[in-house]
Structures are given as structure tokens and as C-alpha cells.
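**Q** Fold the following, please.
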Amino acid sequence: METKAVVLQSDCLEVRVLLPGTEYRRSRYDWSGIVEQVTLNGRHTFLSRERLGDGEGLGGIGLAGVFEWSDSALYEETAVADVFPLIGVGLLRRPDSSPFFFAREYAVRPFMRESFQGEEYVEFHTFPSYCRGMAAEQWKRLQVKGDTLTITNTVTNVGVRQIEATEFCHNFFQLDQKPVDERYRLEVPYPFIPEMRRGELIVGGDYCRPGRFDAGTGSAAFVLREAEKAGRHWMRLSHEETGTGVWIGEDVPVSRFYGWSNVHAFCPETFVTISLKPGETMRFSRTYRFTAEKESGNTQRVYKMP
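**A** Residues are numbered from 1 along each chain as shown. Model (predicted):
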């Protein structure tokens, strides 16, 4: 029977990481290091899957990385029926003369990968595949320690063209399988002033709660414009009834903050800019701390960058 996942364990966390190409094989998300579920103390869970109405959307699972080119030039220079690269995924085939659209399904020729693992870590190495002057070597390491999961990406430009891209982790959070409603609370270290795209938020100072979802899509979406000024960014999502929460910190400045939610998932996402000349390398990490505060009796924890 094919092994589909690696299970990382600490003294209190169990993190189930899907192996590349076993369950997700589509053209949107990074095939390496998709975290299917995180379980704390054997009973608290934190993640869900992408669902749009009665469908599955783009097949998102748990914590799934996304790389995007900063502009569409690479796609536009690709002839119909030819291929173009997307970091973390593979070589995608252009089906027709239509503009690139991230939500469209493209045929994928996946990059070659290898993996290394221990009890508390797993690391994925994606080999570069030269296409249109672009080639990126990618390492992704996931490691658990105590109540913390750290995901580290390392990208090296081994092509002849400059890489201009962004990366974010699509966080499909559903705390203890509770439907997303006003009991969820998202905190940031600056005034929470959203630019709404659809739906509503309940805002108070440096936090928000989900409000009314858009009637047509059953979702809400917003942008926070102050995130890029925060330096080393952090945020915290919690559920007031269960006390379950997750704190997420970045070790490099973020360039954008986008939030999306429906009843199945609350997805706060921070974007990192990748700008690499040939031969250059960038390494960046996200840290996730998973807690169940009512269980510990501590309801006044202060979350700061380490």
C-alpha cells in the first residue's frame, strides 16, 4: 500500500504531512510539505480543507504553500500547447490564448523531488527544471518542537533570468472542527483596518471577528494595508468557546495580507516577496504555535515575536 503521509511528533503535537503527488496533483499549490492536519494533546485539531459551496474549490488542504509570479510575462511569452514553470508545482501547459488565471486547472508535469525525514522533521528537495531561462532549486523543511511547527523555505535561482515572485501559505483553519462564525477572533500587532472585498467583519481595535458572509459566494474577503509596515509580522487566530488557538510568526517582512473565510475555513495569509538574481538564495520561515488555553488555565498569554 502506498504511503501517503509522514507523521511528525513532539511531546504534544502530531503533524500529518502529505507526501508529494500522493493526494494533491493539481496546478495551484506547492506539492511539497502540505500539512493535512495538526492535533494537539491528542484531541484538539486545527485544519480543514478548501470547500466552496458544495465543491472542493482548487483542492486546498490544511497548510498549503503557494508560489505566484509577480507578473504574467512568463505566461504570455509561452506559445499555446507549450509549457511554463511554476515554483513548487512543475511545468504547466498553456491550453489556449486566454490570459493566465490562478483558479484555472492546468495540466502539470511535476518537478522531480526527494525527501528526508526523522521523528520531528521532514525535508523536501525539489530539483530545478530549466524552462524559458527560469530554474529554481527549492528546499522545504517542516519541524516540530513542543507546541510549535516551523516551516522553512529555501529557494535558489539556478536559471539565467531574475526570479520575481511571491509566496504565501494558504491556511485553511477550522479550530476543533467548529464552523467559522463570530466566535473566531483574529489579532494582529497594529490597528485592524480592513479593506473589504466582500462580506463583513466585526472589528475592534487590533482584532476582528467574522461577520456576515456575502450572499452570492457564502464567503468574506479583505486586505490589511498596514501589514507591510509591521516588520516581523505575527497574528493569532483563536476560538472563544473552546480556547483553542494558533499563533503565526514570520521571520522576514511581509508584503501583503489577505484574509478569506467561509463557514468551512478562516484563512489569514501573509505574502513574502521573492526577488532573486541568478545565483542568489532566499530562506524564510513561518512559525505556528498551537494552544488550548482553557485546558491549561492560562487565558492571558501575550504573543510576541521570539
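
**Q** only C-alpha atoms for contact and neighbour calcs from this point on.
**A** Noted.

**Q** so what's Glu228 closest to, chain neighbours aside?
**A** Closest residue in space to Glu228, ignoring its immediate chain neighbours: Ser255 at 4.9 Å, by CA to CA, 6 or more residues apart in numbering.

**Q** these two touch, right, the one you found and Gly231?
**A** No: counting by CA atoms under 8 Å, Ser255 stays clear of Gly231, with 9.9 Å between them.

**Q** ok, those two, which is more surrounded?
**A** Comparing Ser255 with Gly231 by other CA atoms under 10 Å, the one with more neighbours is Ser255, at 18 against 13.

**Q** could you list every residue that touches that one?
**A** Counting by CA atoms under 8 Å, 6 or more residues apart in numbering, Ser255 makes contact with Ala227, Glu228, Thr270, Phe271, Val272, Thr273.

**Q** Of these, which is the nearest to Thr242?
**A** Nearest to Thr242, judged by CA to CA, of the contacts of Ser255 is Thr270 at 25.3 Å.

**Q** and the closest one, helix, strand or coil?
**A** Three-state call for Thr270 (DSSP: H, G, I helix; E, B strand; the rest coil): strand.

**Q** There's contact between it and Cys169 in this structure, I believe.
**A** Yes: Thr270 lies in contact with Cys169 (CA under 8 Å); the separation is 7.3 Å.

**Q** For the two, work out which one has more neighbours and name it.
**A** When neighbours are counted by other CA under 10 Å, Thr270 and Cys169 differ, and Thr270 comes out ahead with 27 against 22.

**Q** Please name the nearest non-neighbouring residue to that one.
**A** Phe257 (4.6 Å).

**Q** wait, what's in contact with that neighbour?
**A** Contact analysis of Phe257 by CA under 8 Å, 6+ apart lists Val223, Leu224, Arg225, Ala227, Glu228, Pro268, Glu269, Thr270, Phe271.

**Q** from memory the second one sits against Trp260, does it?
**A** Yep, that's Leu224 we're talking about. No: with contact defined as CA under 8 Å, Leu224 does not reach Trp260; the gap is 11.5 Å.

**Q** what's the closest non-adjacent residue to Phe102?
**A** Per CA to CA, 6+ apart, closest to Phe102 is Arg28, 6.8 Å.

**Q** just Arg289 next, same as before
**A** Arg289 sits nearest to Thr148 (CA to CA, 6+ apart), 4.5 Å away.

**Q** Next, the one you found: phi, psi?
**A** The phi and psi values for Thr148, taken as degrees, to the nearest 10, are phi -120, psi 140.

**Q** so it sits right up against Arg286, yeah?
**A** No: Thr148 lies out of contact with Arg286 (CA under 8 Å); the separation is 10.3 Å.

**Q** sorry, back to before: who has more neighbours, Leu224 and Trp260?
**A** Counted by other CA under 10 Å, Leu224 and Trp260 do not tie: Trp260 has more neighbours, with 21 against 17.

**Q** What strand or helix carries that one?
**A** Assigned by DSSP states H and E, Trp260 belongs to strand 256-262.

**Q** Describe which strands that strand pairs with in its sheet and in which direction.
**A** According to DSSP bridges, strand 256-262 forms sheet pairs with strand 219-224 (antiparallel), strand 265-276 (antiparallel).

**Q** Tell me the helix or strand right after the longest one.
**A** Under the assignment DSSP H and E, the closest C-terminal helix or strand after strand 265-276 is strand 281-292.

**Q** Which strands and helices lie in contact with that next one?
**A** strand 35-40, strand 148-157, strand 244-250 (3 or more CA pairs under 8 Å, 6 or more residues apart in numbering; DSSP states H and E).

**Q** export the helix or strand following the longest one as PDB, just CAs?
**A** Read it as strand 148-157. Sequence-wise, the next helix or strand downstream of strand 148-157 (DSSP H and E) is strand 163-171. Extracted C-alpha coordinates of strand 163-171, given in PDB (Å, rounded to 0.1, in the frame of the first residue of the first chain):
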ATOM      1  CA  ILE A 163      13.000  35.500 -10.300                       C
ATOM      2  CA  GLU A 164      10.300  37.900  -9.200                       C
ATOM      3  CA  ALA A 165       7.600  36.100  -7.300                       C
ATOM      4  CA  THR A 166       5.600  35.900  -4.100                       C
ATOM      5  CA  GLU A 167       4.900  33.100  -1.700                       C
ATOM      6  CA  PHE A 168       2.200  32.600   0.900                       C
ATOM      7  CA  CYS A 169       0.800  29.700   2.900                       C
ATOM      8  CA  HIS A 170      -3.000  29.200   2.300                       C
ATOM      9  CA  ASN A 171      -4.000  28.500   5.900                       C
END
